[in-house]
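[1] quick one, fold the following:
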Amino acid sequence: MNPFDVFSDWFMRLWHIPAVAWLSQLVLGLQNGAFYAMLSLGLAVIFGMLNIINFAHGALFMMGAFVTWMLANYIGIGYFPALILAPLIVAAFGLVLERTLISRLYGLDHLYGLLLTFGLALIIEGLFRNTYGSSGLPYSPPGALQGATNLGFMYMPNYRGWVVFVALVVCLATWFLIEKTSLGATLRAATENAALVRAFGVNVPRLITLTYAGGVGLAALAGVLAAPIYSVNPNMGSQVINTVFAVVVIGGMGSILGSVITGFMLGVIEGLTKVALPQFSGAVVFAFMIVVLLVQPRGLFGKAA
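    Numbering: from 1, shown residues only. Prediction:
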């Protein structure tokens, strides 16, 4: 069969796919995009503010889900309190990591931070795997968010709609905090000229530590949201981190708004590809990244060096 016949058959197959399938995958793509946006947002905050490529981000996402499960099964704390407590607990862990290990790498080549955080990811995942195994632990959504809503073309689980809503609110709030407030301006200035900001009486090391903890907290919050959808298992972070890094690169390393927009956009593209070319859906994000980097090496929203 020649290439024209292959393309013709593929186009005819697309033409006969019902609109309901396209709309359903569009909604599911938004849900996946919510996780991509939140995880890439935390990565963009850490890289954009601290110049550290945090490869442990996926492991900290996984830790957020496990802390949620442990709060429920060991202490009896439900989902909504865990939505606040779990990110704070994991952020405190990130604070310790930053003070004891990561702070020693500032000013060095990015490769050192990448290697250190990659090693931390392996250690964290190994500890949880040895303790809880790899089969996964169930975590049910709260009763208030169970059930589904009829959208006309599909029944959308209420909890998945909640995930998209929370992700949008958190992403926009984080962007506003960093780009539109005096605190964000101080933080951005500290990353550009720490000595000058320190001269104005700002405790720059503490500000940097809290920034890293905040980025880690965003990863943990995504883990809390993911716990009722996916089984809580030590591999859940490593399964998504490569895609999240691709999202950050496409959006522009360090671009807060770029990570949010690109996360949702690629979630939708990936979802629609599952209808058109399901065998290609796992690679479409990386193919898109290659094209973007060839045309715009700094990413869609990245700033020129």
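[2] ignoring the adjacent residues along the chain, who's closest to Lys260?
    Let me fix one detail, which is that residue 260 is Val and not Lys. In space, and not counting its chain neighbours, Val260 is closest to Cys171: 4.3 Å by C-beta to C-beta, 6 or more residues apart in numbering. Backbone N, C-alpha and C define where each C-beta goes, glycine included.
[3] spit out the contact partners of that neighbour.
    Ala37, Met38, Leu41, Val260, Gly263 (C-beta atoms under 8 Å, 6 or more residues apart in numbering).
[4] what's the closest non-adjacent residue to the second one?
    If you skip the residues right next to it in sequence, Met38 has Ala222 as its closest partner in space, 4.1 Å away by C-beta to C-beta, 6+ apart.
[5] counting neighbours, what do you get for that neighbour?
    Ala222 has 32 neighbours, counted by other C-beta atoms under 10 Å.
[6] check Pro157 too.
    Pro157, neighbours per other C-beta under 10 Å, totals 18.
[7] wait, it touches Ala148, no?
    Yes: with contacts counted by C-beta atoms under 8 Å, Pro157 reaches Ala148, the gap being 5.0 Å.
[8] contacting residues around Val202?
    Thr186, Ala190 are the contacts of Val202 under C-beta under 8 Å, 6+ apart.
[9] am I right that it is in a helix?
    No: with DSSP: H, G, I helix; E, B strand; the rest coil as the criterion, Val202 is assigned coil and is not in a helix.
[10] still on that earlier bit, can you tell me how far the residue nearest to Val260 is from Ser281?
    Counting by C-beta to C-beta, to the nearest Å, the gap from Cys171 to Ser281 is 24 Å.
[11] swap in Ile89?
    To Ser281, Ile89 is 35 Å away according to C-beta to C-beta.
[12] and Leu294, by the same measure?
    Separation of Leu294 from Ser281 (C-beta to C-beta) stands at 22 Å.
[13] with neighbour numbers in mind, choose between these two.
    Each of Leu294 and Ser281 has its neighbours counted (other C-beta under 10 Å); Ser281 has more, 17 against 8.
[14] what sits against that one?
    Going by C-beta under 8 Å, 6+ apart, Ser281 touches Glu270, Thr273, Lys274.
[15] out of the residues you listed, who's the most crowded?
    Among those, the one with the most neighbours (other C-beta under 10 Å) is Glu270, at 23 neighbours.
[16] do you know the pLDDT at Gln239?
    Gln239 carries a pLDDT value of 78.
[17] next one: phi and psi at the residue lying closest to Leu137 once chain neighbours are set aside?
    Excluding the flanking residues, the one nearest Leu137 by C-beta to C-beta, 6+ apart is Val232, at 4.4 Å. Taking degrees, to the nearest 10, you get phi -80, psi 110 for the backbone angles of Val232.
[18] does Val232 really touch Phe66, like I thought?
    Yes: shown here, Val232 and Phe66 form a contact pair, counting by C-beta under 8 Å, at 5.9 Å.
[19] for stretch 248-258, C-alpha coordinates in CSV please.
    The C-alpha trace of stretch 248-258 is given here as CSV (Å, rounded to 0.1, in the frame of the first residue of the first chain):
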residue,chain,number,x,y,z
VAL,A,248,8.1,22.4,31.2
VAL,A,249,10.5,22.4,28.3
ILE,A,250,7.7,23.1,25.8
GLY,A,251,6.3,25.9,27.9
GLY,A,252,9.7,27.4,28.5
MET,A,253,12.0,26.5,31.4
GLY,A,254,11.0,28.7,34.4
SER,A,255,7.9,30.1,32.8
ILE,A,256,5.0,29.9,35.3
LEU,A,257,2.2,30.8,33.0
GLY,A,258,3.8,28.8,30.2
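[20] what residues does that stretch touch?
    40-41, 43-45, 47-49, 174-175, 178-179, 259-263, 266, 285, 288-289, 292-293, 298-303.
[21] list only those of those flagged as buried.
    For those, a burial check counting by 16 or more other C-beta atoms under 10 Å picks out 40-41, 43-45, 47-49, 174-175, 178, 259-263, 266, 285, 288-289, 292, 298-302.
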